[in-house]
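Engineer: Attaching a predicted model along with its sequence, questions to come.
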Amino acid sequence: MTLTESPPTRLAMLARDRLVTALLALATVTWLLAVEGRQGFGRDEGQYFRAGERYWGWFEELGSNLRAGHPGRSFTPTGLDRYWSDNAPDHPVVAKVLYGLSWRAFHRCTCTGPARGLHPIPVRGRHLTLPLFARESTAFRFPAILFAALLVAFVYRFSRRFVGWPAAAAGAVLTLAQPHYFFHAQIACFDAPITTMAFVVGTAYWKSLRSARWGILTGIVFGVALGTKHNAWLMPIFLAGHYLWLRRGDLLGWGGRRRLPRVPLAFVSMAVLGPLIFVLHWPWLWQAPLQRARTYVNRHLQHEHYNFEYLGRNWNAPVTNSGLKLLRVSAPFVETLFTVPVTTLALALVGGVALVRRRRGEPLGPEAEPEQPEGLDTARPDWRRPGADVDRAPGAFLAVQIFGPLSVIALPGTPIFGGVKHFLPAMPYLAVAAAIGLERLSRVVSAAWPAARARLAAATPVALAALVCLPAVVETRRSHPDGLSHYNLLAGGFAGGASLGMNRQFWGYAVLPLLPWVNANPENHAMYWHDVISDALFMYKREGRLDLLVGDTGYALPGIERSSVGILFYEKHWAMYEGWFWDLYGTTRPVLVREREGVPLITAYQRGNNR
């Protein structure tokens, strides 16, 4: 929008943007809710189900203590640790509390039935709820889905600062239509929520360069991000990189003398409000804030390296071989190249070129936001709004937000486990770059129409937006519910990723389609579950997907020895387990193989099966 437009036009554009934002968010929630029931529970999610419900138990007990006139009992060290020590010091609790509260509010209660004893806290009676969801897991997952909808809405609104509404809408769709992100967007974990918070923090910082009010808000949303997942602590580093680029004229003396850039209000707010909100939000910290915060930080600074397959090698330790370090550094960049839909990558490349070629202050699209200060009578900067006199350098901003998370994971000492999920915060910014690329492509195509075809030229941006979104949406739909096993056209799909030695899955998500077979197996009382943990099994049983009498023989070799039937997840470091099955079961013939497009994901063995 430009300053010369009439007020009715500006109001009409604002109304349209609000409508598009709402429709995109609603479509996101609808799509994710429609398919999440096909996706199984992994190791992390099972633990967060348990922790979220246990945290709710503290609120429930607090209510009882308030009614009894003794609220202080809930704030004693014993009263706090009884609930809040679950999943501590691993992760803060914003997302888990939301999962627990959503479960308590929206599940269809059958908690007093046969599975009553599988809850992590005592069930004192039937819960009065607003029964929106038939499955308890859906109620747990609902906040993560809302986080995804919020991200799609924010990507659209942020993109509108640079491009027209069709390209911005396409960028929002391409944010969701990434198979690996889509997989994480519908589960009760932290990777989708922290992706949203990374974008919200980035947007707040961007606005703070023109607005003192947003300088304060940046610190508040940063505090919420710190309470969501530990990689939020890296966000100020990326933002500082952009700010130093923005104020490079001060450092280089472009105005006649060199000086240190002003410290923005946003950074002061983040330094003060961020840690304060972090401590206040986590009751586990309260009785020994410094000691327990140090324990939390050390947990992640000294985190173990899980097994992860990349280009045919199993990585489970810091790289010491100099010949492998370059290969290790390439991991996040190659994983991005092989997992993000090709159309998104191509558009982002075009957008990157457009940003590099952009002249200072030049709008990227016909409806781009002007670079004037927001609500100020002067363009003079001060520490509250330190970018009021300069172009905000969107290219540099997107570059640090995309390559910052990738570069952190690329460091040889950083644990490689988890693959794409650990640099998902880069992906919405990549989608914004794709929106800018689409805007540039639309302008070129529209300009090619002769003047007599003005209507066709005007329709080009909408048609191109729909066209470029279609392959990514189809690819994402096709990948479900095995998004972790998906690889794009460059890699050769599911089969190509497996042939390249890329990780197929992790932590037991892929077992859900096998549960009917397990229920029907007469030997299921002696079942070996491999990488499916008990918390996930409890939820399957609570929801009626798994028979209550199905057993669990335990872990590793002793678990296989005690079992009569078992499953094996295909990951490179589990190869020895298949040999144990052959030796102990007396057969090399599986009774069932779960595969996608010819790629085995799970193999089931049964003792004595020689047919």
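Structural biologist: Received, thanks. Numbering: from 1, shown residues only.
Engineer: remind me which residues of the stretch 1-150 of the chain are low pLDDT?
Structural biologist: Regions of the stretch 1-150 of the chain meeting the criterion pLDDT under 70 cover residues 1-8.
Engineer: 80 instead?
Structural biologist: For the stretch 1-150 of the chain, residues meeting the criterion pLDDT under 80 lie at 1-10.
Engineer: now the helices for it?
Structural biologist: Under the criterion DSSP state H, counting those that start in this stretch, helices of the stretch 1-150 of the chain are mapped to 7-35, 43-68, 77-84, 94-106, 136-159.
Engineer: Quick one: closest of the ones you listed to His305.
Structural biologist: Distance to His305, taken as C-beta to C-beta, is lowest for helix 43-68 among these, at 15.9 Å. (Each C-beta comes from the backbone N, C-alpha and C, glycine too.)
Engineer: Quick check: which helices or strands does that closest one pack against?
Structural biologist: Counting by 3 or more C-beta pairs under 8 Å, 6 or more residues apart in numbering; DSSP states H and E, the packing neighbours recorded for helix 43-68 are helix 77-84, helix 94-106, helix 136-159, helix 534-542.
Engineer: could I get the ones you listed as a markdown table with mean neighbour count?
Structural biologist: Rendered in a markdown table, the data for the helices and strands packed on helix 43-68 read as follows (neighbours: other C-beta atoms under 10 Å):
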| stretch | mean neighbour count |
| --- | --- |
| helix 77-84 | 16 |
| helix 94-106 | 23 |
| helix 136-159 | 24 |
| helix 534-542 | 21 |
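Engineer: Which one of those lies nearest to Val511?
Structural biologist: When the helices and strands packed on helix 43-68 are compared for distance to Val511 using C-beta to C-beta, the nearest one is helix 534-542, at 8.1 Å.
Engineer: Point out where this structure drops to low pLDDT.
Structural biologist: Across the chain, the stretches falling below the confidence threshold (pLDDT under 80) are 1-10, 255-257, 323, 360-381, 415-418, 449-458, 609-611.
Engineer: if we can go back for a sec, and the helices of the stretch 1-150 of the chain as TSV, adding distance to Ala266?
Structural biologist: As requested, the helices of the stretch 1-150 of the chain are arranged in TSV below (distance: least, C-beta to C-beta, whole Å):
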stretch	distance to Ala266
helix 7-35	24
helix 43-68	31
helix 77-84	31
helix 94-106	21
helix 136-159	16
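Engineer: Could I get the contacting residues of Trp58?
Structural biologist: Trp58 makes contact with 74, 79-80, 82-84, 283 under the criterion C-beta atoms under 8 Å, 6 or more residues apart in numbering.
Engineer: cutoff 6 Å now
Structural biologist: Applying C-beta atoms under 6 Å, 6 or more residues apart in numbering, we find Trp58 in contact with Tyr83.
Engineer: Share the number of residues neighbouring the nearest residue to Leu484 once chain neighbours are set aside, please.
Structural biologist: Spatial nearest neighbour of Leu484, chain neighbours left out: Gln505 (4.8 Å); criterion: C-beta to C-beta, 6 or more residues apart in numbering. A count of neighbours around Gln505, defined by other C-beta atoms under 10 Å, yields 20.
Engineer: for Val297, same thing?
Structural biologist: If you count neighbours by other C-beta under 10 Å, Val297 ends up with 13.
Engineer: Kindly reformat the helices and strands packed on helix 43-68 as JSON lines containing distance to Ile187.
Structural biologist: Compiled in JSON lines, the helices and strands packed on helix 43-68 are given as follows (distance: least, C-beta to C-beta, whole Å):
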{"stretch": "helix 77-84", "distance to Ile187": "22"}
{"stretch": "helix 94-106", "distance to Ile187": "10"}
{"stretch": "helix 136-159", "distance to Ile187": "6"}
{"stretch": "helix 534-542", "distance to Ile187": "11"}
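Engineer: right, and those helices - which one's nearest Glu335?
Structural biologist: Among the helices and strands packed on helix 43-68, helix 136-159 comes nearest to Glu335, with 20.2 Å by C-beta to C-beta.
Engineer: returning to what we had before: out of the helices and strands packed on helix 43-68, flag the one nearest Phe278.
Structural biologist: Within these, the stretch nearest Phe278 is helix 94-106; the backing value is 9.6 Å (C-beta to C-beta).
Engineer: packing partners for the closest one?
Structural biologist: Taking 3 or more C-beta pairs under 6 Å, 6 or more residues apart in numbering; DSSP states H and E as the contact definition, the neighbouring helices and strands of helix 94-106 are helix 43-68, helix 136-159.
Engineer: Would you mind telling me which of these is nearest Leu33?
Structural biologist: Minimum separation from Leu33 across the helices and strands packed on helix 94-106 (C-beta to C-beta) falls at helix 136-159, 6.3 Å.
Engineer: what angle do the closest one and helix 43-68 make?
Structural biologist: Regarding helix 136-159 and helix 43-68, their directions subtend 100 degrees when assessed with axes from the mean of the first three to the mean of the last three C-alpha atoms, to 10 degrees.
Engineer: The helix or strand following helix 136-159 to helix 7-35, inter-axis angle?
Structural biologist: If you walk from helix 136-159 toward the C-terminus, the next helix or strand you reach (DSSP states H and E) is helix 165-176. Counting by the same axes, to 10 degrees, helix 165-176 points 20 degrees away from the direction of helix 7-35.
Engineer: which residues does the closest residue to Ala177 other than its chain neighbours contact?
Structural biologist: Nearest residue to Ala177 in three dimensions, chain neighbours excluded: Ala472, at 3.8 Å (C-beta to C-beta, 6+ apart). The contact partners of Ala472, taken as C-beta under 6 Å, 6+ apart, are 174, 177, 341, 343-344.
Engineer: so how far is Gly497 from Ala472?
Structural biologist: Remark: distance between Ala472 and Gly497 (C-beta to C-beta, to the nearest Å) = 17 Å.
Engineer: For stretch 581-593, measure first residue to last.
Structural biologist: According to C-alpha to C-alpha, to the nearest Å, stretch 581-593 extends 14 Å from its N-terminal end residue to its C-terminal end residue.
Engineer: go on, stretch 175-186?
Structural biologist: Using C-alpha to C-alpha, the span of stretch 175-186 from its first residue to its last is 14 Å.
Engineer: Please state the offset of stretch 117-135 from the chain centre?
Structural biologist: Taking C-alpha atoms, centre = their mean, to the nearest Å, the mean C-alpha location of stretch 117-135 is offset from the chain mean by 27 Å.
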